[in-house]
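*Asks:* I would like to see how this sequence folds:
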Amino acid sequence: MKPLVSIVIPVYNGSNYLKEAIDSALNQTYKNIEIIVVNDGSNDEGKTRDIALSYGDRVRYFEKENGGVSTALNLGIEQMRGEYFSWLSHDDIYYADKVETEINYIMESDGEFEAVYSRFDRLTMPDRKIGRNLRHVYDLKYMECGFFAVIFGYIYGCTLLADKRLFDRYGLFDTELRMAQDNVKWYEMFKDKKIGYIDRALIALRNHEEQESRKASNFLSENDACYLKMLQSYNESWTDSIGMDKYTFFCAAYERFDKNSYPATVDFLREELLIGTQPVDALDIVKERTSVLMGDSHKLYLYCAGNICGKILKRFFLRNIDVDAVSDSDNSKWGTELNGHKVVPPYELEQNGLVIVAKENPDQVVSKLKSDGFKHVISYEVIPDILVGTAFIKERFKDAFL
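*Replies:* Got it, this is the predicted structure:
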């Protein structure tokens, strides 16, 4: 089976990047595709229009009055001839096997998945530097849980391939939303079901100063309001597949959202956790996860006394995990305090203790500590996988806020 895939490209004043996006769509190894470009009322003296029309009948071109990306996507979906929908922002780039990899994944799932998404790379302008997306990615069971994937912001729309019938069932994008229309639609579609996940980058997301999300003053506030509504409607059956009750899921969500960016969402989660019921086996799970973390080490240390270290200290405190010392090679930090822990020199640490390097790009520091004789050194990047699904200890959470 080779179902037709419709690649929909909404664009507004996109003459700077549109050609590269269209070329990446035309260069797909999967050939049963159609490319739909929807010009959302560009006012660039016809530059965007001219680029799209230069491809002749290889591109189906539509033009409308400016109304936002939701309206452009909706027009593209209405004009689709394909069985599957694939969104390509005019400033992003598909890797050549994007569509083929995803359509094969869905076909081989034998009906288990109606949609699939993937990782993405970041293409930073103007130097065109490509780097991996640094957000932590969890175990497959979490990434396939629709509600988890939506709340944790993992479904980037341009990595998605979705059965067109999902839009027939759940409707088109909400045109009243300018910033959160995609997250809301994924919530409606996937909150109570599994979604396929491919653990490699299939597109490059371009980072540049003209991005709408960077310029829009309401980007965070609109998303804050939408995430709040999603969490207020939470149904425990939506996270059954990952073994999370409401209290434990809200613990994970609480650590996902930043208070400054999502104040309403964080306030709601805090209040729910303060009145919620801690699972009876919470302490046992913490002990089990801590023993996995520690192995045969008897001391737990955090190395590099910065922002990441502070966040890990908070995560550990809320779960009743005690850190024996915080250390740093910077002697100007020795004797200072971080979240109640005095920072000590590395030579005061026992070399058979477990050292967690709390630093971006930690590999070099991990290697240096091992060469210095420390027997158990790991990166902080393993911490989210160990702690996800581990509830806060209620009394500690209360102590932190009351």
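*Asks:* domain ranges for this protein?
*Replies:* Annotated domains of the chain cover 5-218, 224-280+391-401, 290-385 [automatic domain parsing].
*Asks:* and the helix or strand encompassing residue 247, what does it pack onto?
*Replies:* In the assignment (DSSP states H and E), residue 247 maps to helix 246-256. Packing partners of helix 246-256 (3 or more Cβ pairs under 8 Å, 6 or more residues apart in numbering; DSSP states H and E): helix 146-151, helix 263-275. For the C-beta atoms, the positions are set from N, CA and C on the backbone; glycine is no exception.
*Asks:* looking at the ones you listed, which is buried most?
*Replies:* Highest mean neighbour count of the helices and strands packed on helix 246-256: helix 146-151, a mean of 24 (counted as mean count of other Cβ atoms under 10 Å).
*Asks:* helix or strand right after the strand or helix carrying residue 85?
*Replies:* For residue 85, the host element (DSSP H and E) is strand 84-87. Next helix or strand after strand 84-87 toward the C-terminus (DSSP H and E): strand 93-94.
*Asks:* so how far is that following strand off the chain centroid?
*Replies:* Distance of strand 93-94 from its chain centroid, counting by Cα atoms, centre = their mean, to the nearest Å, is 18 Å.
*Asks:* for the record, mean pLDDT for that strand?
*Replies:* Here strand 93-94 scores 97 as its mean pLDDT.
*Asks:* For that strand, which outside residues touch it?
*Replies:* 7, 20-21, 24-25, 27-28, 88, 123, 202-204, 206 (Cβ atoms under 8 Å, 6 or more residues apart in numbering).
*Asks:* Among those, name the least confidently predicted one.
*Replies:* pLDDT across the contacts of strand 93-94 is lowest for residue 123, at 85.
*Asks:* The closest residue to it other than its chain neighbours: which element?
*Replies:* Nearest-residue entry for residue 123: residue 204, 4.2 Å, with adjacent residues in sequence omitted and distances by Cβ to Cβ, 6 or more residues apart in numbering. Counting by DSSP H and E, the element that carries residue 204 is strand 196-207.
*Asks:* What residues sit buried inside that strand?
*Replies:* 196, 197, 198, 201, 202, 203, 204, 205, 206 (16 or more other Cβ atoms under 10 Å).
*Asks:* which of the residues you listed lies closest to residue 297?
*Replies:* residue 197 (32.8 Å; Cβ to Cβ).
*Asks:* State the mean pLDDT of stretch 331-339.
*Replies:* Per-residue pLDDT values across stretch 331-339 average out to 96.
*Asks:* Likewise for stretch 265-278?
*Replies:* The predicted model gives stretch 265-278 an average pLDDT of 97.
*Asks:* Name the residues that touch it?
*Replies:* 224, 227-228, 231-232, 246-247, 250-251, 253-254, 257-259, 391-394, 397-398, 401-402.
*Asks:* change it to 7 Å
*Replies:* Stretch 265-278 is contacted from outside by 224, 227-228, 231-232, 246-247, 250-251, 253-254, 257, 259, 391-394, 397-398, 401, using Cβ atoms under 7 Å, 6 or more residues apart in numbering.
*Asks:* Surely residue 203 and residue 157 touch.
*Replies:* No: Residue 203 lies out of contact with residue 157 (Cβ atoms under 7 Å); the separation is 10.2 Å.
*Asks:* The strand holding residue 204 packs against which elements?
*Replies:* When contacts are defined as 3 or more Cβ pairs under 7 Å, 6 or more residues apart in numbering; DSSP states H and E, strand 196-207 packs onto strand 93-94, helix 98-108, strand 115-124.
*Asks:* distance of the residue sitting nearest the centre point of the chain from residue 341?
*Replies:* Centroid-nearest residue in the chain: residue 154, 3.0 Å away (criterion: Cα atoms, centre = their mean). Distance of residue 154 to residue 341, computed by Cβ to Cβ, to the nearest Å: 32 Å.
*Asks:* and what of residue 352?
*Replies:* 20 Å.
*Asks:* which of those two has more neighbours?
*Replies:* Per other Cβ atoms under 10 Å, whichever of residue 352 and residue 341 has more neighbours is residue 341, with 18 against 13.
*Asks:* Good, we can wrap up now.
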